[in-house]
Each structure stands twice: as C-alpha cells, then as structure tokens.
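Got a sequence here, can you build the structure:
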Amino acid sequence: MTNNARLIAYAKLIRLDKPIGILLLLWPTLWGLWLAAGGLPDLLILAIFVMGTVLMRSAGCAINDFADRRIDPHVERTRNRPLATGMVTPKEAVLLAAGLSFCAFLLVLPLNQLTLLLSVCALFLAGTYPFTKRFFVMPQAYLGIAFSFGIPMAFAAQIGELPAVVWLLLIANLCWVIAYDTEYAMVDRADDLKIGIKTSAITLGRFDVAGIMLCHAVFLGMMAYAGWLLQRGAPYYLALIVALGLVIYQYFLIRDRDPARCFRAFLHNNWVGAMVFVGIVLDSFLTTSF
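Below is the predicted model:
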C-alpha cells in the first residue's frame, strides 16, 4: 500500500470523511463554553476545545472499529470500513487512537486542574464505550455520558467550577444523545439482532419511536429549564421552539422505521444542535449589547 493510500485509509478509519460525529460532539461543548462565559469564551480555550473535540472523536472512532473488528464485516453499513477490509491493522488502529488521545491530552495541559481531571474521565468514557455493546442493554446511555462531558469541562475551563446547572445540561444532552443514537441504531437493527449486539433500538423494541420522542422532549424541556435558571432571553427560547419543530420533522422520518429515513433523521440532529447554539449566541450578543 502506498503512503497516500495508507493516509486515506487512516482518514476513513477516524471518519474525517464523515464529520457528523464531530459536530454532534462539538455542539454541546460550544453550548457549555458560551453559557459559562455569558458570551464569547476565551479564544484560547475555544481553540483548545474545538481541536480537542476533533481529536477525541477521531480517537473514539479508531478504538470503536478496533472493538468491532470482528463484527463490522457482517454489518451492511460497516463492512467496507478500513479495519473490516484489512486496509488498516488492529495494531495500527490502537496506535492511532493512542496517539490522537495523547495529543488531545497535551492540548488541555495549559488549562486548570479541574479541567485536567475531567479530561481523564472523558478519555476513560471514550475508550470504554465501544465495549459496552457486548453487555449493556442501553449503550447509547453510556455514549450519552461520554458525549456530554464537554459541558462540565467547558465550565471548568472557563470559570473554574461546576455550578449545579452543569449537571442539568449534561442530563439534557444525555437524553438528546440517546434519541439520535437510537435513530442511528435503528439503521442496523436487523444485522445487530443476528450478531447479538445490544442497542437501545433493540431494547426498546416496538416502543423505539416513542422512546426517541420522549428523550427529545425531555432534552428540550430540560434545556428550557436550564435557560430559565441562567436567565436567558427570548432568542434562546425561540431557538428551542425551532428545535422542537426539527424534532417533530424527525418523527415523520422515523415513524415507519425505514433504515434510510432513520439515518436521515440521525444526520438531521446536526441542525438541532446548531439551532440551540445559534439561540445561545444571539441571546448572549443581545444581552451584552444592550
């Protein structure tokens, strides 16, 4: 294999060609930074968190494919991944994940001790999540914790403490992750049942759509309550109303459980996260400007 082909295989392994995972991990981190700062956060902290998000999501993809290396060849959607096809070896995947994680850790070294401690927890969650699909009936909940850890880290980095609202935001985002990753799991349900993988889509069974919509509702409700606690203004709540409309649209995509439409619903969550962020930014701008 040429060096160029190897680099392309590495890029596909860490999903640089599919940035949806980076975005879904980045949005709540940006919410946390802006809410903690009450506006534009410290630019160095912002840069560290953006780069760290890219690195950690990439490392997570590599370790996920290592964990699923004997499963992915039997799943329609994943059988062409570099590790499943043999373009990348298991050793290379582990070394790449370790290198990316080390780079992410180096990034947070200039930050305070609380942020460093939380980064160790985040690394543990990211590294262990792929293995939970073997024994945990709701691995999406574990992923939700991992994907929400950017929120307390953002508050810790920006203000050096973790106010109570941080945990409300974390639980809200956890519910959102369960919702969109269950939509994702619905795509592979037939293959996962044959292989014996555990997912929320399988656990919820015929209540999968209801469970997804309930998680979306709890997510938006808790975000509204967090906004009230943080004394956010009209732009914030208008953004949540628009996000509610986007969630309702997702219901029409997933109600028939068609895999292709379920995948579209999963991808559509990027707009939900973006809309919440826009609401936070606009509200912060108007609050500081007048």
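
and the closest residue to R264 other than its chain neighbours, what pLDDT?
Leaving aside its sequence neighbours, R264 sits nearest to L253 (Cβ to Cβ, 6 or more residues apart in numbering; 5.6 Å). Bear in mind the C-beta positions are built from the backbone N, C-alpha and C, glycine included. L253 carries a pLDDT value of 97.

could you say which helix or strand contains L253?
helix 234-254 (DSSP states H and E).

mean confidence for the one helix or strand K194 maps to?
Element membership for K194, per DSSP H and E: helix 189-195. Across helix 189-195, the average pLDDT comes to 86.

residues in contact with that helix?
Applying Cβ atoms under 8 Å, 6 or more residues apart in numbering, the contact partners of helix 189-195 are 71, 74-77, 185, 198-199, 201-202, 259.

Please point out which parts of that helix sit buried.
189, 191-192 (16 or more other Cβ atoms under 10 Å).

do the same with stretch 77-84
For stretch 77-84, a neighbour-count test (16+ other Cβ under 10 Å) marks 78, 81-84 as buried.

how long is that stretch end to end?
Its first and final residues considered, stretch 77-84 spans 11 Å by Cα to Cα, to the nearest Å.

Would you mind listing the outside residues contacting that stretch?
Contacting residues not belonging to stretch 77-84 are listed as 9-10, 12-13, 65-66, 68-69, 71-73, 85, 88-90, 93, 187-188, 191 [Cβ under 8 Å, 6+ apart].

so how far is it from its chain's centroid?
21 Å (Cα atoms, centre = their mean, to the nearest Å).

residue contacts, L24?
147, 177, 180, 269-270, 273.

ok, of those, which come out buried?
Buried, going by 16+ other Cβ under 10 Å: 147, 177, 180, 269-270, 273, out of those.
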